[in-house]
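[1] quick check, what structure comes out for this input:
(chains A and B)
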Amino acid sequence: MKKTGAEIFIESLFKEGVDTIFGYPGGAVLPIYDALYKSRLRHILVRHEQGAVHMADGYARATGRPGVVLVTSGPGATNTVTGLATAYMDSIPVVAFTGQVPTELIGNDAFQEADIVGITRPCTKHNYLVKDIRDLARVIKEAFYIATTGRPGPVLVDLPKDVLNDSTEFIYPDKVHIPSYQPTYKGHPGQIRKAVNQILASKRPIIYAGGGVISSNAANELRQFAKKLGIPVTTTLMGLGAFPGTDPLFLGMLGMHGTYGANMAVTNTDCLIAIGARFDDRVTGKIDEFAPYAKIIHIDIDPTSISKNVVVDIPIVGDVRGVLKDMMKLLTAAKVREFKKGLKEWLGDIDGWMKTHSLSAAQDMTRKIRPQYVIERLYKLTKGDAIITTEVGQNQMWAAQFFKFKEPRRLLTSGGLGTMGYGFPAAIGAQIACPDKTVIDIAGDGSIQMNIQELATAVEYKLPVKVAILNNRFLGMVRQWQEFFYDKRYSYTCIGNKPDFVKIAEAYGGVGLRAKKPDEVDPVIKEALKVKDRPVFMDFVVDAAEDVYPMVPAGQPLSKMLLV
Amino acid sequence: MRHTISISVMNEFGVLSRIAGLFSGRGFNIESLCVAETIDPRVSRMTIVTSGDDRIIEQITKQLNKLVNVIKVHDLTGEEYLERELALIKVNCNADNRAEVLSIVDIFRAKVVDVSPRSYTIEVTGDEEKIAAITELLRPFGIKEIVRTGRIAMARSPKAK
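    Numbering: from 1, shown residues only, chains lettered A, B, ... in the order given. Reported below is the predicted structural model:
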């Protein structure tokens, strides 16, 4: 039976198991919106296309399923670029459909035309322009396949209006055939054996786990592996939750704002086991002084990440979950017993470091609210059972340091690109994905204004997302750098105390609460947690002088942390 | 160090742009680039000459392999391979030196493909050294214009069984 391009689009999404899309209409996509009118596909109408992409991203991080975006041509498409780059840097499966002018007008500087395929080539895993309706179903299937396999990433599909209006027989292919795209999933058995032997021979091992563990759904395997061998674990920002944050083997996050214990352990280790992580500059500090005494084992699904920044001794390309399982098969009870005996001194050293400079959210109840205290109270009052999204800057770092994540897919944060304005729409996407969970965006007063318009979306769909605004009237992280490295020349980082966030929340139909003193923090949080049908802004008026510690200054090795 | 890399790609819309963009986006340099369809019209072959140390070349090769359209990447450097370029050289000549130009053309097994009262246009194919040599020999006559293709390359067949 013949179907139009718009109908094929919707039917293909159903075939892919999609139940929700995030979008904003426009001229070029009118045919799809008309078909959506009679469809049972759930469409979330946002207020800015960037919000749509971050929502799809938050949905994907919270569930592991691909997030889907639908926007119009020209400015609608270009508004997705930041969101796509965010998903690209953190390897998140998002499929974005953009409208395009009719094929005969492409390249003609037509109304609302943009070469979005050209613009997003460097910030998507792959992209397509569908020029013929007979390619449409195959391209959609390929787009979802590419976005969700190997190292996940965003894929963009550009749909010219005439293709959407054209019609053809709808046949959805049951297999994808891309001979040039064959990710490697199974780790090389020889390398795996080498790695296990190296680990068993080490006396000061440490596991450095990243976002790849979560993408691979390997948190259970990681936990089994670490606990079986008794090896301490540190994670990157993207890896928080991959290993239970409350476990005694967990050292906290490492890197520029990592804990003293984690950074000292990585600096002194003789065997660094990198799992699903990419040795990013925020983690390594000065590269030639990173893990100087260690043999490095690196397990990653993407060969380009291996030995890109740090030369690795035992690389293993493969899916983290499968490789960990294969490694555990090689561990005999006798070898493990022997190994664990040799770790006593190392574990003692680590214990000492962890106790020396531990993070503190202590609050003097007679002075200004400390932002760290707010995070800790959020943790305690939710019993750690919430999905946390963050914006970027000091708010993000404090959230990572003071909220303990016991499970994966609980912290949704823009790590690679560091996009301010990510957290609020991501929280909306996560709330839609997990309607029964408490979802809290930890924001700064600068970041929250970048996608504040999505309050309308949250109110419209009755989403009880809570936003904890750590309001210090500054662009906090930049102010901190100006304080440390530019002699306190606070150039254009003071943003003042407007708007009144309580009034803004109320103006959109949400709830606004404010805490100005430490004893008001708990009541505000408890009040917010009671709201079940609309978003809540919690305006915490915090001390602007607080800095994120520890801090490894740019270009310094991890051992040269600045401590309180 | 200079490397000649041969890449087989799915001949899809934008693939040349994607690969060139990969090089520029990551700061790898392209000295020359040549691409055309192979006997299978769905597959194109690209030959890129680039330079860098071993780490850079390893990254370039891995990043190319990562692209969805790229079927195979073969770094020919260090192996036995054939390389060829074609150059069109328009050289000044007059009644006095015409014969000398023609004898150079003859020695290099090149061809004259265009004639005018004051110039000859010469077509020459060969490896990089040959093109450089004939260009040097023609330079004293005055080269009006020179256009070169990029380098194309192919591995030699194994000689032993």
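
[2] give the contact list for the closest residue to residue A:231 other than its chain neighbours.
    Closest residue to residue A:231 in three dimensions, ignoring its sequence neighbours and counting by CB to CB, 6 or more residues apart in numbering or on different chains: residue A:205, at 4.9 Å. In this view, the C-beta of every residue, glycine as well, is placed from N, C-alpha and C. Listed by CB atoms under 8 Å, 6 or more residues apart in numbering or on different chains, the contact partners of residue A:205 are A:199, A:229, A:231-232, A:269-273, A:343, A:346.

[3] which one of these sits closest to chain B?
    Within the contacts of residue A:205, proximity to chain B (CB to the nearest CB) peaks at residue A:272, which comes in at 19.4 Å.

[4] so that closest one sits in a strand?
    Yes - if the criterion is DSSP: H, G, I helix; E, B strand; the rest coil, then residue A:272 is within a strand.

[5] and it, how many residues sit next to it?
    Under the neighbour criterion other CB atoms under 10 Å in any protein chain shown, residue A:272 is assigned a count of 26.

[6] show me where chain B has strands.
    Taking DSSP state E to define them, one finds strands in chain B at B:2-10, B:32-37, B:43-51, B:70-75, B:81-92, B:111-116, B:119-126, B:143-148, B:152-155.

[7] contact residues of chain B facing chain A?
    Taking CB under 8 Å from any CB of the partner chain as the criterion, chain B approaches chain A at residues B:9-10, B:13-14, B:17-18, B:21, B:25, B:55, B:58-59, B:62-63, B:65-66, B:68-71.

[8] list only those of those flagged as buried.
    Applying 16 or more other CB atoms under 10 Å in any protein chain shown to these, the neighbour count classes B:9-10, B:18, B:58-59, B:62-63, B:65-66, B:68-71 as buried.

[9] farthest pair in those residues?
    Considering CB to CB, no two members of those lie farther apart than B:10 and B:58, which are separated by 23.5 Å.

[10] which residues touch residue A:467?
    With contact taken as CB under 8 Å, 6+ apart, residue A:467 is in contact with A:423-424, A:427, A:440-441, A:443, A:448, A:535-538.

[11] I'd like the average pLDDT over the longest helix along chain B.
    Ranked by residue count and defined by DSSP state H, the top helix of chain B is helix B:54-66. Per-residue pLDDT values over helix B:54-66 give a mean of 93.

[12] do the same with stretch A:171-191
    Averaging pLDDT along stretch A:171-191 yields 95.

[13] buried ones in that stretch?
    Along stretch A:171-191, the positions that meet the burial threshold by neighbour count (16+ other CB under 10 Å) are A:180-181, A:185, A:187-188, A:191.

[14] return only those of those found close to chain B.
    Among the buried residues of stretch A:171-191, chain B is touched by A:180-181 when using CB under 8 Å from any CB.

[15] redo the buried residues of stretch A:171-191 as CSV? Include distance to residue A:461 and secondary structure.
    What follows is the buried residues of stretch A:171-191, written out as CSV (distance: CB to CB, whole Å; DSSP: H, G, I helix; E, B strand; the rest coil):
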residue, distance to residue A:461, secondary structure
A:180, 41, coil
A:181, 36, coil
A:185, 38, coil
A:187, 43, coil
A:188, 48, coil
A:191, 48, helix
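
[16] closest to residue A:311 out of the buried residues of stretch A:171-191?
    Taking CB to CB as the measure, residue A:311 lies nearest residue A:191 of the buried residues of stretch A:171-191, at 15.5 Å.

[17] correct me, but that closest one touches residue A:312?
    No - under the criterion of CB atoms under 8 Å, residue A:191 makes no contact with residue A:312, lying 10.9 Å away.

[18] in the stretch 251-400 of chain A, which spans are strands?
    With DSSP state E, counting those that start in this stretch, the ranges of strands along the stretch 251-400 of chain A come out as A:271-275, A:295-300, A:314-317, A:387-390.

[19] most packed of those strands?
    Mean neighbour count (mean count of other CB atoms under 10 Å in any protein chain shown) peaks for strand A:387-390 among the strands of the stretch 251-400 of chain A, with a mean of 29.

[20] residues of chain A that sit close to chain B?
    With the criterion set to CB under 8 Å from any CB, chain A comes near chain B through A:117-118, A:121-122, A:125-126, A:129, A:131, A:146, A:178-181, A:302-304, A:307-308.

[21] at 10 Å what do you get?
    Neighbours of chain B within chain A, by CB under 10 Å from any CB of the partner chain: A:117-118, A:121-123, A:125-129, A:131, A:142, A:146, A:150-151, A:155, A:178-183, A:302-309, A:311.

[22] any weak-confidence spans in chain B?
    Across chain B, residues meeting the criterion (pLDDT under 70) sit at B:161.
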